[in-house]
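Enquirer: just coords:
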C-alpha cells in the first residue's frame, strides 16, 4: 500500500529557486534525476535517491533528504524546485468520491477525482488544460483547449492524492484532455507511476483512455503496455463522425486494427470500449448488433456509461431498462459488457463532467456543439 513515510514537517514548502532558472524536479523521471545530479558532478545513485524522496516518500524539503550530500541539497535549494498545484477547491460527494480543483502555476485549473471502492481506490487524472477534440457529449470539450500539461503537472495529481491520504491502487487517464495528444509527457508520467521507487502501479492498474489518435496508439505499443480504453460511443462512422469528430481523421477502419495491434496477440489482454448511452442516439437494438459486428475478432470489454448530464448538453441518458437490454444483447453475443456505476455526479465529477477552468486558445469557445455541425441522426 502506498503512503508517505516522511514526517509531516517534511511537506513544508521548499525554499524555491527563481522560477526562470530553476529545474522543475517533478518533470524528471528516474533517469532524468540521475542525469541532473551527474551533470552537477555527483554520483547517479544520488539522483536515484532524490527520485525516491520526491515520489515514494513525498518529501518537499531538501534538508530532509538526509542521504543526499549536503552540497547537493544546497545545489537543489539554489537551482531546483518542487512545483505542486494549489488546491483551489476540494469537493466531497456523498458517495465518497472527492474532486480536487487544482490551480497550476499559470492560473489554469484542472480537475482530479478520487473514487473509493471496497477493494480498490481509483484516481482519475487530467493530461491537458481543456480538450481540443470536441466530443459532442463532453463538458470538458465545451471549455475549449489551452495547453498540454507537463509531466510534473500530471504526476503532481498522483502525488497530491497520496499526500492527502488517498493513495490509488488504480489510475485512469480519463480526466480532462486527450492523453495521446500529449504523448511524451504522458508516457514519461506513466513511467513514474509504475516505477518501484515511486508509486509502484502495475501495468494492469494503469489505464489510458483515448478518443482514437491512431498513429499514437501504435507509438504507445512500442513503449508501454498499460491497459488501453477507447472512447467509442458509436458502432459506425456516420454517427461517430458526429459524436467523436476525431473519427473523421481516423475512422473505424483504421482504429480497430490499431487496437488489435496494441494487444500484441496476447489472449489475456482486452481493449476496453467506452460507450456513453445516449437516449435515442446510439442505444437501439440495431446499433447493438452493429457494435457486435464491429468488435468481432477483437478481445474486448464494453463499458456502458449512463450519460452524465450538464447544462445545455442536448442529450439525455438512456433509461436503465434500455441500457440493460443493450448490455444483455452484447453479452449473449459473447462480449464482456458491464454498466458503469455513476460516481461523483453530485459534485460534477462523473465521466464527461470535468471542466476545471480553461482560458480557451482553440478559437472555438462556443464549444463542441458549435464545432460539430448538423443534427444527429
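Expert: Right, received. Where do you want to start? Note that the coordinates shown come from a computational prediction; the quantities given were computed from them, not determined experimentally. Residues are numbered from 1 along each chain as shown.
Enquirer: beta partners of residue 101?
Expert: Residues in a beta bridge with residue 101, per DSSP bridges, are residue 89, residue 111.
Enquirer: Count the neighbours of it for me.
Expert: 19 (other C-beta atoms under 10 Å). Heads up, the C-betas are built off the backbone N, CA and C, glycines and all.
Enquirer: same deal with residue 42?
Expert: Neighbours of residue 42 (other C-beta under 10 Å): 18.
Enquirer: So it, which state does it fall into?
Expert: coil (DSSP: H, G, I helix; E, B strand; the rest coil).
Enquirer: going forward can the numbers begin at 10, since that is how I track them
Expert: Will do, 10 is the new start, and the previous item becomes residue 51.
Enquirer: Excluding chain neighbours, give the residue nearest to it in space.
Expert: residue 81 (5.3 Å; C-beta to C-beta, 6 or more residues apart in numbering).
Enquirer: residue ranges for the helices of the stretch 10-159 of the chain, please.
Expert: Applying DSSP state H, counting those that start in this stretch to the stretch 10-159 of the chain gives helices spanning 39-48, 53-64, 79-88, 148-151.
Enquirer: For the first one, enumerate the helices and strands it packs against.
Expert: So that's helix 39-48. helix 53-64 (3 or more C-beta pairs under 8 Å, 6 or more residues apart in numbering; DSSP states H and E).
Enquirer: Might you list the low-confidence residue ranges for the protein?
Expert: For the chain, the stretches with pLDDT under 70 are 10-30, 351-386.
Enquirer: got the domain boundaries for it?
Expert: 19-90, 95-380 (automatic domain parsing).
Enquirer: and the ones you listed, which is most packed in?
Expert: domain 95-380 (a mean of 19; mean count of other C-beta atoms under 10 Å).
Enquirer: Please list all residues in contact with residue 138.
Expert: 113, 117-119, 154-158, 185-186, 365, 367 (C-beta atoms under 8 Å, 6 or more residues apart in numbering).
Enquirer: Sorry, slip of the keys, the one I care about is residue 142.
Expert: So residue 142 contacts 150, 187, 190, 220, 253-255 (C-beta under 8 Å, 6+ apart).
Enquirer: looking at it, residue 197 is touching residue 39, isn't it?
Expert: No - counting by C-beta atoms under 8 Å, residue 197 sits too far from residue 39 to count as a contact (10.4 Å).
Enquirer: I'd assumed residue 161 was in contact with residue 64.
Expert: No - taking contacts as C-beta under 8 Å, residue 64 lies outside contact range of residue 161: 11.2 Å.
Enquirer: list the residues that contact both of these two?
Expert: Common neighbours of residue 64 and residue 161, counting by C-beta under 8 Å, 6+ apart, are absent.
Enquirer: the strands in the stretch 260-386 of the chain, which residues?
Expert: 280-286, 309-315, 345-348 (DSSP state E, counting those that start in this stretch).
Enquirer: Adding distance to residue 71, write these out as TSV.
Expert: Compiled in TSV, the strands of the stretch 260-386 of the chain are given as follows (distance: least, C-beta to C-beta, whole Å):
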stretch	distance to residue 71
strand 280-286	41
strand 309-315	43
strand 345-348	46
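Enquirer: who wins for proximity to residue 247 among those?
Expert: strand 280-286 (16.2 Å; C-beta to C-beta).
Enquirer: Quick check: neighbours of the closest one in the sheet, parallel or antiparallel?
Expert: Looking at strand 280-286 with DSSP bridges, its partner strands are strand 236-240 (parallel), strand 309-315 (parallel).
Enquirer: Can you tell me the closest non-neighbouring residue to residue 329?
Expert: Closest to residue 329 by C-beta to C-beta, 6+ apart is residue 315, at 7.8 Å.
Enquirer: right, and the one you found touches residue 347 too?
Expert: No - using C-beta under 8 Å, residue 315 is not in contact with residue 347, being 12.0 Å away.
Enquirer: Can you spell out which residues form a bridge with the residue sitting nearest the centre point of the chain?
Expert: With distances taken as C-alpha atoms, centre = their mean, the residue of the chain nearest its centroid is residue 182 (1.6 Å). For residue 182, the beta-bridge partners under DSSP bridges are residue 217.
Enquirer: which residues touch it?
Expert: 134, 136, 188, 195, 199, 215-218.
Enquirer: which among these gets closest to residue 60?
Expert: Checking the contacts of residue 182 one by one against residue 60 (C-beta to C-beta), the nearest turns out to be residue 199, at 15.2 Å.
Enquirer: distance between the ends of stretch 285-301?
Expert: Across stretch 285-301, the terminal residues are separated by 16 Å (C-alpha to C-alpha, to the nearest Å).
Enquirer: neighbouring contacts of that stretch?
Expert: For stretch 285-301, using C-beta under 8 Å, 6+ apart, the contacting residues are 146, 242-245, 248, 252, 284, 311, 313-316, 324-328, 331-332, 334-335, 338-339, 342, 344, 360-361, 385.
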